[in-house]
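Colleague: below are the sequence and a predicted model for it; my questions follow.
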Amino acid sequence: MSADISSPPTENLSVLLAPHLPKLRRFARALCGNQTAGDGQVAGVLEALIDDRNVIDLTLPPRVALYALFYSLWRSSTGGAEPVETGRGGMTPRSRQILLLTSIEEFTLSEAAKIIGVSNEEAEILRSDAREALAAEARVEVMIIEDEPIIALDLEGIVGGMGHSVVGIADTHTRAVGLAVETKPDLILADIQLADGSSGVEAVEEILRDMTVPVIFITAFPERLLTGERPEPTYLVTKPFRPETVEIAISQALFNRA
């Protein structure tokens, strides 16, 4: 029997898909709400590809195909259930998924529709419904760790525009830890590099020793924090950012918080 020449060799799949794995980890973590669960789902995708490389639809662009495979396996692992959100916003799970894919992952609406298996028309309705639901979500207090004044003001404006309040802005490790202790925020937006050369990651690690609060990291180099090799952030926004990207990250982080 002749070989199936339509199926790319495993090594070719690696070349096609490896560049997209860091961002898939970002999506998986945001979707699942933590690094361990998200990275476990990505590992499941890789295991499925090792078992059968034909499991992926390479008639699609490689990144779209990879996310579509991930989404299919993730849905199977959850039994295909669509849980009902009980928050004030009433946003459905698929609406959130469309927003994550189009805003955080920057897929086109058509690509996002292919990934979750709906029509373009349904995807547009889901995205529209999700944007409306954002305005009805519960209000929280947000702390910002950022050493660039212009970026800090941009973030403060985005947070305020969503109806949330900013309890304070810190530009160093020491100030960040002190502000967190003082204000007990519901959410933290954190830069990676701070004014005095200190680390935003280390500041957050210290804060999280004493409290449980979702954190969204904002960085120009998200791939550096998406290797899957050590404890890493669950939520990442890439600089330069669009306001909508920050809004969706905030919404998802609050949705997944304990």
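Modeller: Looks like it came in fine.

Colleague: tell me, what residue is most central in the protein?
Modeller: residue 30 (3.6 Å; CA atoms, centre = their mean).

Colleague: now do the same contact list for that one.
Modeller: By CB atoms under 8 Å, 6 or more residues apart in numbering, residue 30 lies in contact with 38, 100, 104, 234-235, 249, 252-253, 256. All C-beta atoms are positioned from the backbone trio N, CA, C, and that covers glycine.

Colleague: output the below-cut-off pLDDT ranges for this protein.
Modeller: 1-11, 79-90, 223-233, 258 (pLDDT under 70).

Colleague: where exactly do the helices run in it?
Modeller: Ranges of helices within the chain are 10-17, 21-32, 35-51, 62-77, 93-99, 109-116, 120-134, 149-161, 173-183, 200-208, 243-256, based on DSSP state H.

Colleague: and the contacts of residue 30 as TSV, adding distance to residue 155?
Modeller: Output for those, formatted as TSV (distance: CB to CB, whole Å):
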residue	distance to residue 155
38	24
100	19
104	16
234	18
235	14
249	11
252	16
253	14
256	20
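
Colleague: among these, give me the pair with the biggest separation.
Modeller: The span of those, defined through CB to CB, is set by 38 and 249 at 14.2 Å.

Colleague: please report how far residue 156 lies from residue 166.
Modeller: The spacing between residue 156 and residue 166, counted by CB to CB, to the nearest Å, is 5 Å.

Colleague: need the residues touching each of these two.
Modeller: Residues touching both residue 156 and residue 166 (CB under 8 Å, 6+ apart): residue 144.

Colleague: distance of residue 91 from residue 34?
Modeller: For residue 91, the distance to residue 34 - CB to CB - is 20 Å.

Colleague: so which of the helices of the chain comes closest to residue 222?
Modeller: Of all those, helix 21-32 sits nearest to residue 222, with 6.3 Å by CB to CB.

Colleague: what separates the closest one from the chain centre, distance-wise?
Modeller: 6 Å (CA atoms, centre = their mean, to the nearest Å).

Colleague: now that helix and helix 62-77, what's the angle there?
Modeller: Put simply, helix 21-32 runs at 30 degrees to helix 62-77, going by axes from the mean of the first three to the mean of the last three CA atoms, to 10 degrees.

Colleague: next, the angle helix 10-17 makes with helix 21-32.
Modeller: Comparing the axes of helix 21-32 and helix 10-17 via the same axes, to 10 degrees yields an angle of 70 degrees.

Colleague: run a quick neighbour tally on the closest residue in space to residue 180 that isn't next to it in sequence.
Modeller: Closest residue to residue 180 apart from its sequence neighbours, by CB to CB, 6 or more residues apart in numbering: residue 207 at 4.5 Å. Residue 207 has 23 neighbouring residues, counting by other CB atoms under 10 Å.

Colleague: residue 207 is in contact with residue 177, isn't it?
Modeller: Yes. Counting by CB atoms under 8 Å, residue 207 touches residue 177, with 5.9 Å between them.

Colleague: so what's the residue nearest to the centre of the chain closest to, chain neighbours aside?
Modeller: The shortest distance from residue 30 to any non-neighbouring residue, by CB to CB, 6+ apart, is to residue 252 (5.3 Å).

Colleague: distance of the one you found from residue 23?
Modeller: In terms of CB to CB, residue 252 sits 15 Å off from residue 23.

Colleague: out of those two, which sits in the more crowded spot?
Modeller: Applying other CB under 10 Å to residue 252 and residue 23 shows that residue 252 carries more neighbours, namely 24 against 20.

Colleague: this completes my enquiry, with thanks.
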